[in-house]
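Novice: pasting a predicted model and its sequence here:
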Amino acid sequence: MLITGAELADGRVRDIRIRDGTIKRVATGLDAAAGERIVEARGRHLLPGAIDVHVHFREPGANHKETWRSGSESAAAGGVTCVVDQPNTSPPTIDGNAFDEKRALADASLVDYGINGGVTAEWDPDSLFDRPLFALGEVFLADSTGDMGIAVGLFEDALAEAAARDVPVTVHAEDEALFDSAALDGDLGGAGTAATADAWSAYRAADAEVAAVERALDAAAGTDAQVHIAHTSTPEAIDAVTEARAASDAADAAATCEVTPHHLFLSRENAGRLGTFGRMNPPLRSEARRSAAFERLRDGDVDVVATDHAPHTVAEKRQGLTDAPSGVPGVETLYPLLLESVRNGELSMERVRDVAAANPASIFGLPAKGRIVEGADADLVLVDLTDPREIEAGALHSACGWTPFEGLQGVFPELTVVRGSVVYERDPITGAESFGEPVGRNVRGE
Ligand SMILES: NC(=O)N[C@@H](CC(=O)O)C(=O)O
Ligand SMILES: [Zn+2]
Ligand SMILES: [Zn+2]
C-alpha cells in the first residue's frame, strides 16, 4: 500500500509505503509500484494507531456485554490498533489457566492486544508470570466491577513480584475507607434514569482517590516496580504522579498515569443527562476538576489517555443507582474526541499522538508501535479534521449499544490499518479474518 500526501502530526506532508506489515518508507515523491494499492490522502492527517492500554472486553464470562470480536471492531472503527484487556473477567485472569483461556478467545480480535494479569488473594503468580503477560493489573485497591479489591499488604507483595520480573503494574487507586456512605442514604430514585450518578460522585469522593494514589506511589518508591496509575480522575492525583516522577531517580521505574476521555470531557454537570448511565469508578468529578485535568493533559503532565472501556448493557445500566453496574464504553470515541479538541484548537496534534500512541508504546515497552517511522509496525489511522460527526450510539460497534458521549462531536477515522492490513474502512469489514496478535515485552522469545 502507498499512502500519498498525508499530513503527519508534526505538520510534515509525506508519502508512506507499507510492505510486509511495516512502514517501509516515509518520504516525498514516491511512485506506486505495479499492483500497489494507492490511498490518496491529500488534506488528511495520518496518525499512529491508538494504543488503548485499558479496556474490558468481557470475554470470558459476559459475552452479552462485549466480546473480543465486537470490542475489537469498535476499537478498529475508532482508530485503536492495539488494546490491553483487564483481568476482572469471569473467571478472573489470576492464574496461568485463566490467561490461556483468554488468550485463545482473543484470537478473534481484529486489532493487536495485550492481556493483563490480576491480583487477588487467590492469584497464582508463578503460573501467571510463566505466561506472556502485558502487565499486572489493573490491581484494584478498592472493589469495582468484579469485586477484586485487595489489601495494601498484598499490593506490596504484587509490586515485589512484578519488579523481580520487570513487568509494569497498573493500579485502580481508590481508598474505600474514605468513601462517604452518607451520600447514598435516602431516596435514590429506584429503577429508571430519574436517579443520577451525582450521588455516586459524592460517595466515591475525590479525596479517596488522592489518598490511594499517594499510598500506591509511596509503596512503589524505593522499589524497582514500574507503577502506572489507571484512570486518574482528579488534578490532585495527576500532580501526585508528577511529583513522584520528579523525585524518582530510577528513570525506568518512573511512575506514570492515564486519564480517561470521560473524565476529560464529562463532569458532574452531565449527571442529570446521564442518569445511572453516568455511574463509573472512579466517578465523574466537578467541572472545576474536569477542566483542571484537561489543562494537565494539554500541558504534558498526563502521560496516557486510555478509555477504561467498560461496556454494560442498557438494561443493566437502567437499574437503580445502587444496582446499576459501574462503567462506560469508550474505545471507539477516544481518538474522535481528542481530534475534535485539535479541531477546536484546544490540543495540538502532536500532544494527541503522544498520549494516544507514542507514550503508551514507550511506557509499556512496544518499540515497534506508536510512531510513524521507517521500520515500525504499519498501525495507521487516516482522519479528515474538516469532517467532524455527531457521536451516536447507533453508529458505534460495541455490543453494549450506548455511549455517554451521545451528541458530542467527534472526528472519526476513514481508514484503520493494523500491521499493513485494513481492519476498518468507514464501514466495518464484516466477515474480515481475525488479525490481532499478542504484544508486550514479555511476548518476545515466546
Ligand atoms: N471503571 C468502572 O467503573 N468499571 C470497570 C472496572 C474498573 O475499571 O474499575 C468495569 O469493568 O466495569
Ligand atoms: Zn478500575
Ligand atoms: Zn478498568
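Specialist: Thanks, I have the structure now. Ligands and ions are numbered 1, 2, ... in the order given.
Novice: break down the stretch 251-400 of the chain into its strands, ranges please.
Specialist: Per DSSP state E, counting those that start in this stretch, the stretch 251-400 of the chain carries strands over the ranges 256-259, 304-305, 380-383, 389-390.
Novice: which one of the ones you listed lies closest to ligand 1?
Specialist: For these, proximity to ligand 1 was assessed by CB to the nearest ligand atom; strand 256-259 is nearest, at 11.2 Å. For the C-beta atoms, the positions are set from N, CA and C on the backbone; glycine is no exception.
Novice: and the closest one, is it in reach of ligand 2?
Specialist: No. For strand 256-259 and ligand 2, the contact criterion (CB under 5 Å from the ion) is not met; the two come no nearer than 10.5 Å.
Novice: list the strands paired with that strand, with their directions.
Specialist: With DSSP bridges as the test, strand 256-259 is paired with strand 227-229 (parallel), strand 304-305 (parallel).
Novice: briefly note if that strand comes near ligand 1.
Specialist: No. No part of strand 256-259 sits near ligand 1 under the criterion CB under 6 Å from any ligand atom; the closest distance found is 11.2 Å.
Novice: which residues are in contact with that strand?
Specialist: Among residues not part of strand 256-259, those counted as contacts by CB atoms under 8 Å, 6 or more residues apart in numbering are 53-54, 227-233, 237-238, 241, 245, 293, 296-297, 302-306, 359, 363.
Novice: just the ones of those residues in helices?
Specialist: With helices defined by DSSP state H, the entries of those inside them are 237-238, 241, 245, 293, 296-297, 359, 363.
Novice: check those and tell me the two furthest apart.
Specialist: The span of those, defined through CB to CB, is set by Ala293 and Ile363 at 18.7 Å.
Novice: who has more neighbours, these two?
Specialist: The residue with the greater number of neighbours, taking Ala293 and Ile363 and applying other CB atoms under 10 Å, is Ala293; the counts read 25 against 20.
Novice: wait, the more buried one touches Pro235, no?
Specialist: Yes. Between Ala293 and Pro235 there is a contact under CB atoms under 8 Å: 5.4 Å.
Novice: can you tell me which of the strands paired with strand 256-259 is most buried?
Specialist: The highest mean neighbour count among the strands paired with strand 256-259 belongs to strand 227-229 (a mean of 29), with neighbours defined as mean count of other CB atoms under 10 Å.
Novice: check Arg204 and give its pLDDT.
Specialist: pLDDT recorded at Arg204 is 97.
Novice: check contacts around it.
Specialist: If you count contacts by CB under 8 Å, 6+ apart, Arg204 has them with 174, 179, 281-283.
Novice: can you list the residues of the stretch 201-350 of the chain near ligand 1?
Specialist: Close to ligand 1, as judged by CB under 6 Å from any ligand atom, the stretch 201-350 of the chain has residues 280-281, 308, 310, 326-327.
Novice: now these in TSV, with distance to ligand 2, neighbour count and pLDDT?
Specialist: Written out in TSV, the entries for these read as follows (distance: CB to the ion, whole Å; neighbours: other CB atoms under 10 Å; pLDDT from 0 to 100):
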residue	distance to ligand 2	neighbour count	pLDDT
Met280	9	29	98
Asn281	6	21	98
Asp308	6	30	98
Ala310	8	28	98
Ser326	9	18	98
Gly327	9	24	98
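Novice: and the furthest pair within the residues you listed?
Specialist: With distance counted by CB to CB, no two of these lie farther apart than Asp308 and Ser326, which are 10.1 Å apart.
Novice: for ligand 2, what is the nearest residue in this structure?
Specialist: When you check the chain against ligand 2 by CB to the ion, the closest residue turns out to be His172, at 3.4 Å.
Novice: in the sheet, who's paired with that residue?
Specialist: Beta-bridge pairing of His172 under DSSP bridges involves Phe140.
Novice: for ligand 1, see how far away Gly96 is.
Specialist: 22 Å (CB to the nearest ligand atom, to the nearest Å).
Novice: excluding covalently adjacent residues, which one is nearest to Arg279?
Specialist: The shortest distance from Arg279 to any residue that is not its chain neighbour, by CB to CB, 6 or more residues apart in numbering, is 4.1 Å, and that residue is Ala197.
Novice: returning to that earlier point: which neighbours do Asp308 and Ser326 have in common?
Specialist: Shared contacts of Asp308 and Ser326 (CB under 8 Å, 6+ apart): Met280.
Novice: and stretch 97-112, end to end?
Specialist: One end of stretch 97-112 sits 21 Å from the other (CA to CA, to the nearest Å).
Novice: what is the neighbour count of the closest residue to Thr232 other than its chain neighbours?
Specialist: What sits nearest to Thr232 in space, not counting adjacent residues and going by CB to CB, 6+ apart, is Cys257, at 4.6 Å. Cys257 is flanked by 29 other residues according to other CB under 10 Å.
Novice: sweet, I'm off.
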